[in-house]
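[1] Whatever this is, show me its structure:
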Amino acid sequence: MNLTNILKDFIEDESGLTAVEYAIAGGLVVGGMIAAFNLLGDNATTKIKCLASAVNGASADCTGS
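    Predicted structure coming up:
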C-alpha cells in the first residue's frame, strides 16, 4: 500500500463517534467534573473552617470521623 491509498482510506473512514456523540460525551464529562468539584469544594471548605477554629483555640476534631 502506498501513502496515497492510506491517506485516502483514512479520509473516507466514517467509523467512530459523530459530532453529536462527541457533544453528548463531552457534556457528561463536564457534568461529572462539576459535581466532583462541588463535592470536593464543600468538603475542603469544611476542613479549612475546622482547622481555622482549632488554630484559634477550639478543641475540634477535624479528622471527619
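
[2] tell me which residues of the longest helix anywhere in the chain are tucked away?
    Across the chain, the longest stretch assigned as helix under DSSP state H is helix 19-55. For helix 19-55, the buried set under the neighbour-count rule, 16 or more other C-beta atoms under 10 Å, comprises residue 50. Every residue, glycine included, has its C-beta placed from N, CA and C.

[3] mind checking how far residue 5 is from residue 12?
    To residue 12, residue 5 is 11 Å away according to C-beta to C-beta, to the nearest Å.

[4] Where does pLDDT dip in this protein?
    Scanning the chain for pLDDT under 70 picks out 1, 15-17, 60, 64-65.

[5] and if we set it to 80?
    1, 10-11, 13-20, 42, 58-65 (pLDDT under 80).

[6] for it, which residue is closest to the average position?
    residue 33 (3.3 Å; C-alpha atoms, centre = their mean).

[7] how long is stretch 8-19 end to end?
    In stretch 8-19, first residue to last residue: 21 Å (C-alpha to C-alpha, to the nearest Å).
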